[in-house]
Structure formats: structure tokens, C-alpha cells
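S.K.: Sharing a model prediction with you, sequence too.
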Amino acid sequence: MTTVTSNDIQELKDLLSAMRQENREQMISLREETREQIDTLKEDNRQQIETLREENNKQFINLHKEITEVKIITAKIEGTIQSQAVLTQKIPDLIEKVGELKNWKQIAIVAITAFTSATITWFIREGNLKP
């Protein structure tokens, strides 16, 4: 068996004290590194969030412009439809007039035929109007 002396105990105390001090320094160093990493991550996240906000704002502005353009186009289309509604109401009247023109065509054909027949007959009678 070996005997433990007070010098051995003192050496163990000093060794433990040194280890504790070293552990404290390592813990402090780790805390500082962790804080630096966290701060770096926070800054990166802030920058990413700011970039995303800017992109979202640009997309929102573009969507707003497109919606405005669609509203303008829709208003133009509605105006065109309203102006054509008057024309659509006149279609039955126009169809009736076209029907009347067909009758006039028939009358004109009959008149031209009558005139041609009369002219031929006149030539046959040698230009006399006597019966």
C-alpha cells in the first residue's frame, strides 16, 4: 500500500483547480463563439428577410399594375359591348330592309324585262307606234 501525503493532496488540488480554470476558459470561449455564430445567423436571416420583403413588394407592385391593366381592358370591352348593343337592336330592322330590297330587285327585273320586250316589239314593228 502506498501512503498519500499532503503534498500529493495539494498537487491534486492544484491539478483540479487548473482543470477547472481551463474548463471555465473553454466554456467562456465556446459561449463567445456561439454568440458570434448566433449574431452572424441573425444578420444573415435579417438580410434574407429584407431581400424577400423587397421581392414580395416588387411582385405585389407588378400584380397591382397587371390588375389595373386588366381593369382598363375590361372597361374598354364593356364600352365596346355597350356600343354594339345599339347595333344589335337594329339587326331586325336591317333584315327587314334587306327583304324589301329583294322585292325591289324583283320589281326591277320585271321592269327591265318589260322595257326590253317593248323595245324588241318596237323594232319588230319597224319603229311604228301604230297598232
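M.R.: In hand now; what should we look at? No experiment lies behind these values; they were computed from the predicted model shown.

S.K.: Run a quick neighbour tally on Ile77.
M.R.: A count of nearby residues for Ile77, using other CB atoms under 10 Å, gives 10. Using the backbone N, CA and C atoms, a C-beta is placed for each residue, glycine as well.

S.K.: what about it, which SS state?
M.R.: Classification of Ile77 using DSSP: H, G, I helix; E, B strand; the rest coil returns helix.

S.K.: Flag the shaky bits of the protein, pLDDT-wise.
M.R.: Applying pLDDT under 70 to the chain flags the ranges 1, 98-102, 127-131.

S.K.: Please enumerate the helices of it.
M.R.: In the chain, helices defined by DSSP state H lie at 6-124, listed in chain order.

S.K.: From Ile81, how far off is Gln89?
M.R.: Gln89 sits at a distance of 13 Å from Ile81 (criterion: CB to CB, to the nearest Å).

S.K.: And stretch 58-65, how far out from the chain middle?
M.R.: Distance of stretch 58-65 from its chain centroid, counting by CA atoms, centre = their mean, to the nearest Å, is 9 Å.

S.K.: Give me the residues contacting that stretch.
M.R.: Where contact means CB atoms under 8 Å, 6 or more residues apart in numbering, no residue beyond stretch 58-65 reaches it.

S.K.: Identify each buried residue in it, please.
M.R.: For stretch 58-65, a neighbour-count test (16 or more other CB atoms under 10 Å) marks nothing as buried.

S.K.: same check, this time on stretch 4-16
M.R.: Buried residues in stretch 4-16 (16+ other CB under 10 Å): none.

S.K.: for that stretch, the distance to its chain's centre please.
M.R.: With CA atoms, centre = their mean as the basis, stretch 4-16 stands 80 Å off its chain's centre.

S.K.: Same check on stretch 58-70?
M.R.: 7 Å.

S.K.: Stretch 25-32 too?
M.R.: Stretch 25-32 sits 54 Å away from the centroid of its parent chain (CA atoms, centre = their mean).

S.K.: Then stretch 47-63?
M.R.: Distance of stretch 47-63 from the chain centroid (CA atoms, centre = their mean) equals 16 Å.

S.K.: Check stretch 70-86 too.
M.R.: Chain-centre distance of stretch 70-86: 20 Å, with CA atoms, centre = their mean.
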